[in-house]
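*Asks:* This is a predicted model, with the sequence first.
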Amino acid sequence: MPQTLDSILLDQLVEIVAITENAISPKLIELGMTKGQKIKAVFKAPFGDPIAYELNGNLISMRKEEAQQIEVILS
């Protein structure tokens, strides 16, 4: 069952299945967030925002609002 990237647990490996089309989706794609990519949450700030993710050996930090635009499934 798909869920959004902001809701995954720390160190949980997931696969990107879709990105909502909006103003930030081109930037997310430039960062390497494309369908089929594996990604995991590695750090969440004390109040849960922002969240740091590991993608292709890189750390990417994004706001919860942005992470909610990315649909994932367990890998």
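*Replies:* Received the coordinates, thanks.
*Asks:* how far does the longest helix that the chain contains sit from the chain's center?
*Replies:* Taking DSSP state H as the criterion, the chain has its longest helix at helix 25-30. Helix 25-30 sits 12 Å away from the centroid of its parent chain (Cα atoms, centre = their mean, to the nearest Å).
*Asks:* With stretch 29-48 instead?
*Replies:* The chain centre lies 3 Å from the centre of stretch 29-48; the measure is Cα atoms, centre = their mean.
*Asks:* Flag every buried residue along it.
*Replies:* Residues of stretch 29-48 classed as buried: Met33, Ile39, Lys40, Ala41 (neighbour count, 16 or more other Cβ atoms under 10 Å). (Each C-beta comes from the backbone N, C-alpha and C, glycine too.)
*Asks:* And for it, what's in contact with it?
*Replies:* 5, 8-19, 51-56, 58-60, 64, 70, 72, 75 (Cβ atoms under 8 Å, 6 or more residues apart in numbering).
*Asks:* at 6 Å instead, please
*Replies:* Residues from elsewhere that reach stretch 29-48 (Cβ atoms under 6 Å, 6 or more residues apart in numbering): 8, 10-11, 13, 15-16, 51-56, 60, 75.
*Asks:* Mind checking which of those residues are in strands?
*Replies:* Counting by DSSP state E, the part of the contacts of stretch 29-48 found in strands is Leu13, Glu15, Ile16, Ile51, Ala52, Tyr53, Glu54, Leu55, Ile60.
*Asks:* can you confirm Met33 is in a strand?
*Replies:* No. Counting by DSSP: H, G, I helix; E, B strand; the rest coil, Met33 is not found in a strand; it is coil.
*Asks:* any idea of the pLDDT on it?
*Replies:* On pLDDT, Met33 comes in at 91.
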